[in-house]
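Q: Quick check, what structure comes out for this input:
(one chain, ligands or ions: 1)
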Amino acid sequence: MDSRGYYNGFGGAFIPEILVSTFEELSEAFQGIKNDPGFWQEYKEIMSSYSCRPTPLTFAGNLTRHFGGARIYVKREDLNHTGAHKANNVMGQGLLVQRMGKKRVIAETGAGQHGVATATMAARFGFECTIYMGEVDVKRQRPNVFWMERLGAKVVAVKEGSRILKDAINEAFRDWVTNMDTTHYVLGTACGPHPFPEMVTYFQSIIGIEARKQILSLEGKLPARVYACVGGGSNAMGIFSGFMDDPVELVGVEAGGEGLDSGRHASRLCSKDASIGVAQGYKTYFLQDSDGQMKETHSIAAGLDYVGVSPILSHLKETGRVRFEAATDQEVVEALSLTIRKEGLIPALESSHAFARAYQEASSLSQQDIIIINQSGRGDKDIFTIADAFSDPGWKEFIIQKAEEYHA
Ligand SMILES: Cc1ncc(COP(=O)(O)O)c(C=O)c1O
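A: Numbers count the residues shown, from 1 in each chain. Have a look, this model is predicted:
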């Protein structure tokens, strides 16, 4: 990365003049914690007492036997407080906000995981909190909205555009421009203007640092491959950064939706539908038309249907350091089902993309090889979508009965 936050031409900070001093202040505060030898220790301590870190690396023996190839390990980010890797980033940014002396945080959220994590962090640190969420996501992730509100956050349903994550990001930036003196924008993924991609990656790198140490202690050698799903790219950058300088193949799995030829997917790095552009303050691959208008995206996983992607991952695609694949909604539901039955693990729909691709490749590797799958979050939040996908009759009856009770 160069001093202006470019990763071989991707990234940068395309921000309105009015936000320049806010970004300078943020960059300075971030450099401050990076150069403070005590900060990482303070961060590790809060993550261990508040969010179950280090998360375990679980050997999936039944799945390993099922596929008969590589030994399969799962990095358990689902065991973080609030159920996903998002906790790593928000707690890090929370400590930073404390140091900057600000009292209010805002955030965007897609699946709601980052919103819940931010609202939790705000409750813990005593910050005022507003969460922006596309109206479509508010409807499909109601349980997370419920929890954000209980945690004291104001949830704003964004009715602009296609009413999903990108629209929530635009709205959060609008708020920030008006309230920058008092407010910090807790961006939830490794995207956005510099220094966010670097900063979010820094906090999430705790996943890779732990995973590398754990696999060496358990197996005495490095994995052949590491798999992670890719929305904005934070869990992927988190685990990949632990193995970046090793001879380990890194595989990022995007939302293939109804297939890469269907036009209904969210694949920016392995479909032909994306191109390089500048939006939302940074330069990367976006799903956009020839006029630069953002396309509609689709995924069964609310946390993966973002139009842009981390500029660091765009750079790693160009250099070939990371291989990008896509998993379809159907493959994801099948992989989720198998994981539940064989291991008793319930990965989030987002994480199940990484499982789906790993399962397609596990049997072609040898029994001496190791693979690690990053289980970025737990699937409890997806119960409505998963029950629909499995056409569960008992669940449908339960919902109808609940609705009748409300109407009575
Ligand atoms: C459980 C889970 N995994 C993955 C993601 C995708 O985000 P990222 O690519 O930043 O890790 C999300 C986003 O909401 C999520 O909730």
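Q: what comes into contact with stretch 272-281?
A: The contact list for stretch 272-281 (C-beta atoms under 8 Å, 6 or more residues apart in numbering) reads 10, 12-15, 166, 169-170, 173, 191-193, 260, 263, 265, 267-268, 283-288, 292, 294-295, 307-308, 314. Any C-beta I mention is one placed from the backbone N, CA and C, and that applies to glycine too.
Q: Any quick PyMOL command for the buried ones out of the residues you listed?
A: Only the buried entries of the contacts of stretch 272-281 go into this PyMOL selection, using 16 or more other C-beta atoms under 10 Å:
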select buried, resi 10+12+13+15+166+169+170+173+191+192+193+260+265+267+268+283+284+285+286+287+288+294+295+307+308+314
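Q: who in the chain is up against the ligand?
A: For the chain, the contact set with the ligand under C-beta under 6 Å from any ligand atom comprises 84, 110-111, 113-114, 189, 229-236, 303-304, 348, 350-351, 376-377.
Q: For the protein, which segments count as strands?
A: Along the chain, counting by DSSP state E, strands occupy 6-7, 10-11, 57-59, 71-76, 104-109, 128-134, 154-158, 183-185, 225-229, 249-257, 274-279, 282-287, 322-328, 370-375.
Q: any idea of the angle the longest one forms with strand 274-279?
A: What that stands for is strand 249-257. In terms of direction (axes from the mean of the first three to the mean of the last three C-alpha atoms, to 10 degrees), strand 249-257 departs from strand 274-279 by 90 degrees.
Q: Give me the neighbour count for A274.
A: Counted with other C-beta atoms under 10 Å, the neighbours of A274 add up to 22.
Q: What of L216?
A: Neighbour count of L216, defined by other C-beta under 10 Å: 12.
Q: wait, what's in contact with it?
A: L216 sits in contact with L222, where contact means C-beta under 8 Å, 6+ apart.
Q: Need the nearest residue in space to G5, chain neighbours excluded.
A: Distances taken as C-beta to C-beta, 6 or more residues apart in numbering put H194 closest to G5, at 2.4 Å, once the chain neighbours are dropped.
Q: My error: substitute N179 in the last question.
A: R104 is the one closest to N179 (C-beta to C-beta, 6+ apart), at 6.8 Å.
Q: same thing with A389?
A: In space, and not counting its chain neighbours, A389 is closest to V333: 4.6 Å by C-beta to C-beta, 6+ apart.
Q: residues in contact with F173?
A: F173 is in contact with Y185, Q280, G281, counting by C-beta under 8 Å, 6+ apart.
Q: my guess is R264 meets G257, correct?
A: Yes - using C-beta atoms under 8 Å, R264 is in contact with G257, at 4.8 Å.
Q: what about these two, which has more around it?
A: G257 (26 against 16).
Q: which residues touch the helix or strand bottoming out on mean pLDDT in the chain?
A: Every helix and strand of the chain was ranked by mean pLDDT, DSSP states H and E. The lowest is helix 135-140, at a mean of 89. Outside helix 135-140, the residues that touch it by C-beta under 8 Å, 6+ apart are 109-112, 145, 155, 157-159, 162-165, 168, 302, 384-385.
Q: And the contacts of stretch 314-327?
A: Counting by C-beta under 8 Å, 6+ apart, 7-11, 230, 236, 240, 244, 249-256, 260, 265, 267, 269-271, 276, 284-285, 313, 335, 352-353, 356-357 sit against stretch 314-327.
Q: Next: stretch 352-368.
A: The contact list for stretch 352-368, computed with C-beta under 8 Å, 6+ apart, reads 63-64, 67-72, 224-225, 227-230, 251, 253-256, 301, 304, 325, 327, 331-336, 338-339, 347, 371, 373-376, 379.
Q: The same query, at a cut-off of 6 Å, please.
A: Residues from elsewhere that reach stretch 352-368 (C-beta atoms under 6 Å, 6 or more residues apart in numbering): 67-70, 227-229, 253, 325, 327, 331-332, 335-336, 339, 347, 371, 373-374.
Q: what sits against the closest residue to L313 other than its chain neighbours?
A: Leaving aside its chain neighbours, L313 sits nearest to G233 (4.6 Å; criterion: C-beta to C-beta, 6+ apart). G233 makes contact with A190, V309, S310, L313, according to C-beta under 6 Å, 6+ apart.
Q: repeat for L79
A: When the contact criterion is C-beta under 6 Å, 6+ apart, the partners of L79 are C52, T55.
Q: Also the one 4 residues further on?
A: Each residue near G83 by C-beta under 6 Å, 6+ apart is listed here: G377, R378.
Q: cool, H265 as well?
A: Taking C-beta under 6 Å, 6+ apart, one finds A255, G256, G257 in contact with H265.
Q: let's see 8 Å
A: Residues near H265 by C-beta under 8 Å, 6+ apart: E254, A255, G256, G257, E258, G259, S271, D273, T297, H298, S299, A326.
Q: now Y6
A: Y6 neighbours (C-beta under 8 Å, 6+ apart): G12, H194, P311.
Q: Closest one of the residues you listed to the ligand?
A: P311 (13.0 Å; C-beta to the nearest ligand atom).
Q: pLDDT score assigned to that closest one?
A: We have a pLDDT of 98 for P311.
Q: same deal with G110?
A: Looking at G110, its pLDDT is 85.
Q: burial count for the closest residue to it other than its chain neighbours?
A: Nearest non-adjacent residue to G110, counting by C-beta to C-beta, 6+ apart: L165, 3.8 Å away. Other residues lying near L165 total 32 when counted by other C-beta under 10 Å.
Q: OK, now which residue of the stretch 151-300 of the chain is nearest to the ligand?
A: Closest residue of the stretch 151-300 of the chain to the ligand, C-beta to the nearest ligand atom: G231 (2.8 Å).
Q: who are the neighbours in contact with that residue?
A: Taking C-beta under 8 Å, 6+ apart as the contact definition, G231 lies against G110, T189, A255, A301, G303, L304, D305, Y306, E350.
Q: got a list of what the residue lying closest to it once chain neighbours are set aside touches?
A: Closest residue to G231 apart from its sequence neighbours, by C-beta to C-beta, 6+ apart: L304 at 4.4 Å. With contact taken as C-beta under 8 Å, 6+ apart, L304 is in contact with C229, V230, G231, E254, A255, A266, E350, H353.
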